[in-house]
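[1] Fold the following for me, if possible:
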Amino acid sequence: MLVCNDLGFITNPKNGRVKGLSEASLDHLYYCLGSVLGGKMKNIKNTLKKLFYIVVAILIPGLLILNAIQAERYMQIQREVEALEQKQIQLVEENKKLIIDISLLSSGQRIGNIAENELGMHKAEGDEIIRVEMEKRK
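    Numbering: from 1, shown residues only. Model prediction:
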């Protein structure tokens, strides 16, 4: 009688040596290989299935944690944007006030008033005006 070992070889149970292959022993070899590989394939499938479940079990909380981190970063950036928008509104208002101040300070009436009252200047009369003409160079 021939026996199939763990590696799928047909061996003699008395001495453990591999037997020569005949048609009957080839059929038995196919049977042995199928049973050994089939069992190992089931083990591999079960191992891969367990590995898949472990990976899924690790990925789901990991993705939830990443989602929470991303949401916190989004909220932080949103707060920064709101602060910058408020600062922009404040700067625009300040700019408007400065433009109004510039227009008030640079009005012709105000400058003329300062020139006459504070600097003692007056409008020139016709006889106080001196014209200077220069010749054009060729």
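[2] all helices in this structure, in order from the N-terminus.
    Remark: helices assigned in the chain by DSSP state H are 23-105, 108-117.
[3] Now render those helices as CSV, adding mean pLDDT and distance to Gly126.
    All C-beta atoms are positioned from the backbone trio N, CA, C, and that covers glycine. Formatted as CSV, those follow (pLDDT from 0 to 100; distance: least, Cβ to Cβ, whole Å):
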stretch, mean pLDDT, distance to Gly126
helix 23-105, 85, 31
helix 108-117, 86, 19
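[4] how about the ones you listed in JSON lines, adding distance to Arg131 and mean neighbour count?
    JSON lines is the format used below for the helices of the chain (distance: least, Cβ to Cβ, whole Å; neighbours: other Cβ atoms under 10 Å):
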{"stretch": "helix 23-105", "distance to Arg131": "32", "mean neighbour count": "11"}
{"stretch": "helix 108-117", "distance to Arg131": "22", "mean neighbour count": "10"}
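[5] okay if I get the ones you listed as TSV plus distance to Met134?
    Below are the helices of the chain laid out as TSV (distance: least, Cβ to Cβ, whole Å):
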stretch	distance to Met134
helix 23-105	35
helix 108-117	28
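[6] From Leu63, how far out is the most centrally placed residue in the chain?
    When Cα atoms, centre = their mean is applied to the chain, the residue found nearest the centroid is Gln70 (9.3 Å). Gln70 sits 10 Å away from Leu63, going by Cβ to Cβ, to the nearest Å.
[7] How about Ala124?
    For Ala124, the distance to Leu63 - Cβ to Cβ - is 84 Å.
[8] same check, this time on Glu93
    Separation of Glu93 from Leu63 (Cβ to Cβ): 45 Å.
[9] what do you get for Ser107?
    Distance from Ser107 to Leu63, by Cβ to Cβ: 66 Å.
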